[in-house]
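Participant: Give the three-dimensional model of this entry:
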Amino acid sequence: MADKLITADITQSLELLHDDWSLNDSGDQIERVFKFSNFYQSMAFANAVAWNAHQKDHHPDMLITYKTCRVTFTTHSAGGLTQLDIESARALDQLVSNE
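Facilitator: The predicted structure is shown next:
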């Protein structure tokens with residue numbers, strides 16, 4: 001099981017992510033809303049997220065609407081954020097920066 005990050009590590013790790021990632025009030029989840037031009041792009045992105053999650057065996061919560069995909073990471077087994085959440089978020093940042 002991955003170790004839960006402490007507050008100082010979370011703060012430092014968030015600096016490595018895109019500015020659109022936010023920490024929830026409880027400090028145990030990070031979230032970003034990705035915006036697209038249409039539903040097809042939203043679904044293509046969601047499928048890419050699913051592929052990445054399958055490779056890492058670490059699965060986010062996603063809410064898909066017509067032009068957006070809200071992605072939330074936390075590690076339930078650790079009771080909060082772990083390095084795996086940060087690495088997964090960075091992978092999505094790289095995915096959209098390559099568009």
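
Participant: what packs against the longest helix along the chain?
Facilitator: Assignment by DSSP state H gives helix 39-56 as the longest helix of the chain. Using 3 or more CB pairs under 8 Å, 6 or more residues apart in numbering; DSSP states H and E, the elements in contact with helix 39-56 are strand 61-64, strand 68-73, helix 83-97. (Each C-beta comes from the backbone N, C-alpha and C, glycine too.)

Participant: ok, now how distant is the residue nearest in space to the middle of the chain from Lys35?
Facilitator: Of all residues in the chain, the one closest to the mean position by CA atoms, centre = their mean is Ala89, 3.9 Å from it. Here Ala89 is placed at a distance of 16 Å from Lys35 (CB to CB, to the nearest Å).

Participant: I'd guessed Arg32 sits against Leu14; true?
Facilitator: No. The pair Arg32 / Leu14 is not scored as a contact, 11.0 Å apart, by CB atoms under 8 Å.

Participant: list the residues that contact both of those two?
Facilitator: Common contact partners of Arg32 and Leu14 (CB atoms under 8 Å, 6 or more residues apart in numbering): Trp21.

Participant: between those two, who's got more neighbours?
Facilitator: Ranked by neighbour count (other CB atoms under 10 Å), Arg32 and Leu14 place Arg32 first, with 20 against 17.
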